[in-house]
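Q: Provided below are the primary sequence and the corresponding predicted coordinates.
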Amino acid sequence: MHITEMDQFEIMQVLEHATVGRLACVHDGQPYIVPLNFICHLGCLYSFTTFGKKIEWMRANPRVCVEFDNIAATNDWQSVIVTGHYEELAGDPDTVDARNEAYALLSRRAEWWEPAYVKTVIRDHVRGLQPVYFRILITEKTGHKAVKS
């Protein structure tokens, strides 16, 4: 096996076929990572979640990264890292079109709203279901892959 860099075409293939990515954000020097469903479209990653730590932190520091992988075997995998800026699509006049586009893109997949919009109980507290649509404006994409020798 050897590891090589992926070209931009290969990276886009991973992004176009991936569903779950791992979103990383940082607040006051503390990193936080969480899996979310994403759709890649025209230089952005679109997603949907409910209000919580990740949204609080991204509002405070919009610089984020998302990791996607495609693993067939320990010696046959692809890993893509996307860096970018968080932009909330709150439905106000400036973002209503982008929010509607996010909804249209995400809803092409069955059960796209899970697990973000299901009843969640954490430490005996029911989490509120405040929907939040957002996009990551991609600033850089890199990738590596393992190739069988």
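A: Nice, thanks for sending it over. Numbering: from 1, shown residues only.

Q: okay, CA-based contacts and neighbour counts for the rest of this
A: OK.

Q: burial measure for Glu88, as a count.
A: 20 (other C-alpha atoms under 10 Å).

Q: again, but for Pro62
A: Pro62 has 19 neighbouring residues, counting by other C-alpha under 10 Å.

Q: scan the chain for its longest strand.
A: If you go by DSSP state E, the chain has its longest strand at strand 131-147.

Q: buried stuff in it?
A: Residues 132-138, 141-146 are the ones in strand 131-147 that count as buried (16 or more other C-alpha atoms under 10 Å).

Q: now stretch 9-27
A: In terms of neighbour count (16+ other C-alpha under 10 Å), stretch 9-27 has its buried residues at 10-12, 14-15, 18-27.

Q: how about low-confidence regions in the protein?
A: 110-123, 125-129 (pLDDT under 70).

Q: quick one: the helices in it?
A: For the chain, the helices defined by DSSP state H occupy 8-17, 53-60, 96-106.

Q: for Ile71, which residues are in contact?
A: Going by C-alpha atoms under 8 Å, 6 or more residues apart in numbering, Ile71 touches Trp77, Gln78.

Q: that one pairs with what?
A: Trp77 (DSSP bridges).

Q: what is the end-to-end distance of stretch 85-101?
A: 18 Å (C-alpha to C-alpha, to the nearest Å).
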